[in-house]
Each structure stands twice: as structure tokens, then as C-alpha cells.
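# Here is my input, please return the structure:
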Amino acid sequence: MKRKMAYIGISYAAAMFAASFLSLTASFVVSAAVLCASAALFFILRTGRAAILTVCVSIAAAFAANAFYTCFQKSPVLSYSGKQVTMRGLVTDFTYLSSDTMRLDVYGEINGTDCEISFYTDAYDVDYYDKVKITGSVNEIQNTVDFASQNYYASKGIYLEGGDVTGIEITPVEFSVKRMILNYRDFLFDKITSFLPTDAGGFLGAMLCSDKSQLDSGTRQILYRSGLGHIFALSGTHLVIVTSLIYTVLSLIIKNKKLISIATLISIAAFVIFAGASVSVLRAALMSALIHSSWIFKRRPDPLNSLGLSAVIILLFSPYAARSVSFILSFAGAFAVSVVSPLILKRFSGHRFLTLMSVITPSVTASLVTIPISLFCFNEVSLISPVSNILLIPLCTFSLALTALVALTGGFSLIANPLLFLASVPVNAVLKVSGLLSKLPFSYIGTGNAFVNILVGVCCVSVLVFLIKTKTLTGVLMRSYSVLSLAFSLSILSKVLSPDSLSLYYIAKNSGSALVAVSSDYSAVFDISGKNGSAGAVNEILEQSLVKSADLFLCKNPSHSAAYYKDNLSAKILSYESIAQSDITITSLDIQASEKDGALTVKYAGKSYTFYEDAKITLEDEISNKYSLQNGVKYDILNEKRVF
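Residues are numbered from 1 along each chain as shown. Okay, the predicted model is just below:
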């Protein structure tokens, strides 16, 4: 049986993903059922027994492992929610929020139960991997309308967040290798951003250190909409550049290839610490380590087997990572580049444009594989990413290589400054071109329209199939053009024929309440509380609905509120109007449909606003109680957002 690890890894990861949605009892039941089914199939079937047994055992093992992890790790940690605890551990990260407050990330144990918790406390003089004893309340992390925090942190094995801190003791540790690496990372980031205090410096710092703090929100949005946001997730590209540079230097000094491989493996481990051990970094590091250690096992490295083994190793230590967007996209992208792309290029071997295709195909296949997944995970998805990656990733890679040289040469100004200046030239070009690409009408889409999402997903899969199955490049282009033209026509037709509708979203939070009205030709945001705290959730709605401009109706320091919304909304603010706070309550919202022409009127704070002429909706009692829907009009109360 060939590629056993591929069978094991894919089956194990898929089962672990499914198990993360089931209860403890259900996971044990499914595991037992799969084992029984595998035994039956083994005796019934004459061929393929090894493959079936491998897949079934992997699936059963995944469900069982998830159940054991939930029972003996997750549940004991969650049992401390709402309680006062004393935690002993090490400081894994820290952020000074102001001159007197900080966030402290601690990995340690509570009464023998391992866990990781973030606390907000008074500012202290602290460093990475100092010992800490902290007493305070802890609570289970919850999803909010702004961010699915519970889902996000569960994929990292984090289930609790710190509350009020009543006591803290910090014991400095004299020496730590991990601390040295992380301090060097911070030094490099400060070096880059101080020498280049512009978006170019923030871009280079984000590429090397995965720290996007020096990139303003507008620039980040442009880069993600143009399809380049993935360059900030430290992964295979970054690791290949670093290890290649190290391997080349070592080859000039050391002749023993085994010693070079061992030194390279050590550098990979250091890179994992430097990059923060994210899922994408771990996946790339494991695959790279398997390649450089293949001489130990005397086996030729296989990309699909390496992917499978990497998935199993990661999920053994963090089962809920199977639901992480980073995990899914990282492995999907690696599969596209290392498996699908070579398969396509093999079909076109001998073609006169093979060299050009070998440069283009990996980026195109990675985009075609990841776009359908992104449609379910994000508010916006870049459709122009195949083009932008072909044009701009080579420039980013060149700049990243120069920045990596800065890191490998110690960051001394004499060497670092010229290298950083050279690296900033391509980056400035990337920023300008990205800005132009993101402004194209169809460069990105919001993911709020299910029909458009299906069309985009079908197009990506179709083009991918054409690339794999069609023997001629002309055939691929013609068929792809036909599918894309049909999808575009159906999208336009659906928009023309779809009934007029208005979507209303009411957001209720302690930090702020707001109402968002979205129609095909007009959108408005009503800040009901005047606290601005719902701006993040408002932005989620506007992005999903692909709203590019909206009016604001504000109270309590409207100029300040308008500036706050401007900084936090991707949509352009057309105008804002001040409303007296004393006139605003949730129950002041009254929605009525005119019997004569069906015009929809929202009465808000004593004023009336007409949103759409043909929509009808009735709302009974208070806004948070009963409601009825007519003619395709949606009314949504947001409590949480579905995110993997």
C-alpha cells in the first residue's frame, strides 16, 4: 500500500474536524461504530482491505482522541470557569496597553491542570518566559458579535480568559533560549520599523515577524482585498527562504551533509519559536524537517505523505486545530502547491511555455483551491488573487529574502540599512499596484450572497478540473472562459431578477448598540447608544453585504463618533447626522409598510427615513421581540457569528 501516511493523515484530519462538533458520548459511539464497520468490511471485501482498514482505524482513532482530549483536558479546564484560581506558569507573551496596564499571556497549570490564559493587569517589568504566580477570576471565552473568540481560541487549545487579578508574583528567569529568540524578533521588528517608519516598514516587519501592528487598517484592507494578505502568515515561503540561506552558507563551511541537515533542523526549530508556532508555521516546519531528515529514514520524501504526517502530529497535540481556518487554508494551499500543481505541470511536459507555467501554476492552483474555502470563513474574498499573486509575490519574495538577510547578519546597521532600503523599493511598488487592483469593480466580493458564493466556488472547481484533465492549454483557456462568462451572466441576471429587499441588523452589546439597514442601493448605520462599541460588528455586516458607502446617524459627541467609525469601517462614510441622545431608545424604532406603494419607513429618534420603495415588513412589539417577514425581507438579531 503506497502513501499510507496520506491515507492516515487525510482520514484523521477529516474525522477530527467532524468530531469537534460532536458531544463526548457521540464521539465514543462513532469511534466504536467505525471500528465495527471496518471489521465487517475487512471480512466482506476481497480487495482494498489494507486501504479500508487504514482509513477506518484512522477515523476511529480521531474520534476517540477527540473524546479523550475533551474529557481529560478541555472539560477540566472549563470546570474552573467563574471561579477564583491561582495559576503558576511562564509568561509566553505580553503587551503594554498603556503606561499602567498590560496583557499577560501565561502558560502553566491550575491545580495540576495545564492551560493557557490571558490576563489584563497592572503594568509590570516582565520578560518572555519569566515565572509567574497569578491569582484572579477566570471565565469561559465567549463568541461576540464582533469576533467568534470562543471558536478562534478553542482551535489553539485556549478556553478561559482572565478576569479581575487580585495578586501577582513575577520571578525573573536568568536564561532562556526561547526568550533570546523572541527578544531578537522584537529587536528586528523595531529595527525595521524605525528605519522605515512608513507602510513599507510595516509591510516588511509583518512579513518577517508576522506583526501587523505598524500597518494601518486601510493598508491591510487593500492588501487583503488584492489577495496578498497571506504573505503575512509565516509559512512555507518564509521557511524556504530562511533555510535555503542557512543551508547555502553551511555548505560553504561544512562538507558533511548530515551535519548540515542537523544544523538546518535546529534552525527550523528556532524559526518555529521566532514565528510564534502558528499552525501554518508548524505545518511548514514539519514538512521541511521531514525533507531534511529523510536520510535518517532512508526514504525519498513524498509531499502527500509529509502533509498527512504533519496533520496527524499537529492534531495529536491540539485536536481542535482541525476547525482552525489557518489549519484548513494552510494544508489546502500546501496540497495545491505540492500535489496539484506538479500534477498539472506533468500533463504539459514538453510544452513550449512550460517554464512560464511552472512559475504561474502554483499561485493559480493555490488560489483556486483556497477561494471556495474562504467563502465560508471570511466576510470578503479576493477574486483577483491569482493575478496579484503572479505579478506581486515575486517582488514580495525578493524583499523578504533581503529582510531575512538582515536577520541572519545580526541586524547591524552597516549591513541592515542598505538591505532594508533595497527591500523597500519592491514593497512600495507592491503597495501601489495593490491599491489599484483593490479598486477594480470585481477584485473582491462580500460573502453575504449565497448564490454568488456558489457560482464562485463552482467556477474555481471547474477551472481546476480543466487544468488537471484538459490536455491542451488552449482547451483550458477556452473552457475556463466559457464557465466564467456563464457565471458572470448568471450573477448579473440574478441581481436583475431578484426581489427588492432590505436587510435590518440589530446589534445589542454592553459597549454599544446599533441598527444597520442594508438595501441594494442605500445603506445606513444608526448608533443607538452613542458608545461606538458596536463598530466592529457593524463592519462585519457591511463587509459581508459588500457595502462600499453608508450614512451615519450618531449621538453623543458625533464628531468623535464619526472619526471612530471612519477608522473602524471599511465602507466610506457619505455623511453623518447628529441626533439628541435623550430621544434615543431601542423601542423608539418603529417600522411600518405603506399600504399604497409599499415604501418602508423607519422612525428613529423622532425622524422618519425611507430606505426602499418596494419592500414590506411588519415588526410587532419591541424590536427584540416578535417579528414577521414578507417578500424576502430579512431581519436579523446578531448574537454570534458562525466561524470555523
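
# Report the separation between residue 56 and residue 32.
Residue 56 sits at a distance of 12 Å from residue 32 (criterion: CB to CB, to the nearest Å). Using the backbone N, CA and C atoms, a C-beta is placed for each residue, glycine as well.

# Between those two, which has more neighbouring residues?
Remark: of residue 56 and residue 32, residue 56 carries more neighbours, 21 against 13, as counted by other CB atoms under 10 Å.

# Give me the distance between the more buried one and residue 342.
Taking CB to CB as the measure, residue 56 falls 29 Å from residue 342.

# Could you do residue 79 as well?
Taken as CB to CB, the span from residue 79 to residue 342 is 49 Å.

# Same question for residue 256.
Between residue 256 and residue 342 the computed distance is 31 Å (CB to CB).

# Tell me who's in contact with residue 182.
128, 273, 274 (CB atoms under 8 Å, 6 or more residues apart in numbering).

# Any idea which helix or strand in this protein has the lowest mean pLDDT?
Comparing helices and strands within the chain by mean pLDDT, DSSP states H and E singles out strand 627-629 as the least confident, with a mean of 29.

# Isn't residue 464 up against residue 369?
Yes - the pair residue 464 / residue 369 is scored as a contact, 6.9 Å apart, by CB atoms under 8 Å.

# between those two, what contacts are shared?
With CB under 8 Å, 6+ apart, residue 464 and residue 369 have common neighbours residue 340.

# Count the neighbours of the residue nearest to residue 153 when sequence neighbours are not counted for me.
With CB to CB, 6 or more residues apart in numbering as the criterion, residue 153 has its nearest non-adjacent residue at 5.3 Å, and that residue is residue 141. Per other CB under 10 Å, the neighbour tally for residue 141 reads 21.

# phi, psi of residue 141?
In terms of degrees, to the nearest 10, the main-chain angles of residue 141 are phi -70, psi 140.

# Mind pulling the model confidence for it?
What the model reports for residue 141 is a pLDDT of 91.

# heads up, I number from 45, so please use that
Will do, 45 is the new start, and the previous item becomes residue 185.

# Quick check: it vs residue 583, distance?
For residue 185 relative to residue 583 (CB to CB), the value is 21 Å.

# just residue 92 next, same as before
Per CB to CB, residue 92 is found 51 Å from residue 583.

# out of those two, which sits in the busier spot?
The neighbour count for residue 92 versus residue 583, taken as other CB under 10 Å, is higher for residue 583 (21 against 11).

# Give me the distance from the helix or strand where that one lies to the chain's centre.
For residue 583, the host element (DSSP states H and E) is helix 579-588. How far helix 579-588 lies from its chain's middle: 16 Å, per CA atoms, centre = their mean, to the nearest Å.

# ok, now stretch 105-115?
That offset, for stretch 105-115, works out to 25 Å (CA atoms, centre = their mean).

# hmm, who's touching it?
55-60, 62-64, 66, 68, 71-72, 74-75, 78, 359-360, 363-364.

# pLDDT below threshold where in the stretch 445-594 of the chain?
The model of the stretch 445-594 of the chain has pLDDT under 70 over residues 532, 534-548, 550-556, 563-566, 572-576.
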